[in-house]
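*Asks:* need a structure here:
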Amino acid sequence: MDKAWVLIGMMGAGKSSVGRLLADATDRPFIDTDLLLQQRLGRPIPQIFQVYGEEAFRDHETNILRSLEIGPSVISTGGGIVIRPENWDEMRRLGTTIYLRAPIEVLFERLETSKKKRPLLQSDDWKERLATLLEVRSPLYEQADLIIDVGDGDIDAGVARLADLLLRPVES
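*Replies:* Numbering: from 1, shown residues only. As a prediction, the model looks like this:
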């Protein structure tokens, strides 16, 4: 059975954007775990953090992963999904994990305008906070089946390269 491609990486790496384009390019359904979580709880993510706290958010995130069925799809995950070992079991059950790795400068640039929507970046020293999160999470992200460097230009060309890599027949 064809399995999912599970996109992981820091906030701002482009998981949702790349995921949608990759799904379109390969005719696979697109699933965004953050959107599923918001639909399930009826609130935007910043409100979920505010009302329930990060630990409860992570519990819901794990439950979303557990509810997904194995099948050919492109799954975009939240940036912190990698911090729980049980989430790795679920992501691997679902398919191939792909780390979209972006340089910190690219993350700063992309998040400059959307940092207010990111619960973990709600401080004046948000760049330091982001750098610390990246430092802590990088070894976790690097456990992915594939690591793809993003942030160096044309997203469409990057998606085409990724689709080609993922659809290439396995040599025996």
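*Asks:* helices of this structure, start to end?
*Replies:* In order along the chain, the chain carries the following helices (DSSP state H): 15-26, 33-41, 45-52, 54-67, 85-94, 104-111, 126-141, 155-167.
*Asks:* mind putting those into a markdown table with distance to residue 6?
*Replies:* Glycine gets a C-beta too; all of them are placed from N, C-alpha and C. Compiled in a markdown table, the helices of the chain are given as follows (distance: least, Cβ to Cβ, whole Å):
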| stretch | distance to residue 6 |
| --- | --- |
| helix 15-26 | 10 |
| helix 33-41 | 9 |
| helix 45-52 | 19 |
| helix 54-67 | 9 |
| helix 85-94 | 5 |
| helix 104-111 | 20 |
| helix 126-141 | 12 |
| helix 155-167 | 12 |
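*Asks:* deepest-packed of those, please.
*Replies:* Between the helices of the chain, the one whose residues have the most neighbours on average, counting mean count of other Cβ atoms under 10 Å, is helix 15-26 (a mean of 19).
*Asks:* now the helix or strand of the chain with the lowest mean pLDDT, how far from the chain's geometric center?
*Replies:* Counting by mean pLDDT, DSSP states H and E, the chain has its least confident helix or strand at helix 155-167, which shows a mean of 75. A distance of 17 Å separates the C-alpha centroid of helix 155-167 from that of its chain, computed with Cα atoms, centre = their mean, to the nearest Å.
*Asks:* same deal with stretch 49-66?
*Replies:* Here the centre of stretch 49-66 is set off from its chain's centre by 15 Å, with Cα atoms, centre = their mean.
*Asks:* which residues sit against that stretch?
*Replies:* Residues lying outside stretch 49-66 but in contact with it, judged by Cβ atoms under 8 Å, 6 or more residues apart in numbering, are 33, 36-37, 40-41, 43, 45, 48, 77-78, 80-81, 83-84, 86-87, 90-91, 94, 119-120.
*Asks:* do the same with stretch 77-91
*Replies:* Around stretch 77-91, the neighbours that count as contacts under Cβ under 8 Å, 6+ apart are 6-11, 13, 15, 33-34, 37, 45, 58, 61-62, 65-66, 68, 75, 97, 120, 133, 137, 140-141, 143.
*Asks:* wait, residue 18 sits on residue 9?
*Replies:* No - shown here, residue 18 and residue 9 do not form a contact pair, counting by Cβ atoms under 8 Å, at 9.1 Å.
*Asks:* any stretches of the protein with poor pLDDT?
*Replies:* Where the chain drops to pLDDT under 70, the residues are 1, 113-123, 152-157, 169-172.
*Asks:* in it, which strand has the most residues?
*Replies:* Of all segments of type strand in the chain, defined using DSSP state E, the longest is strand 95-101.
*Asks:* thanks a lot, catch you later.
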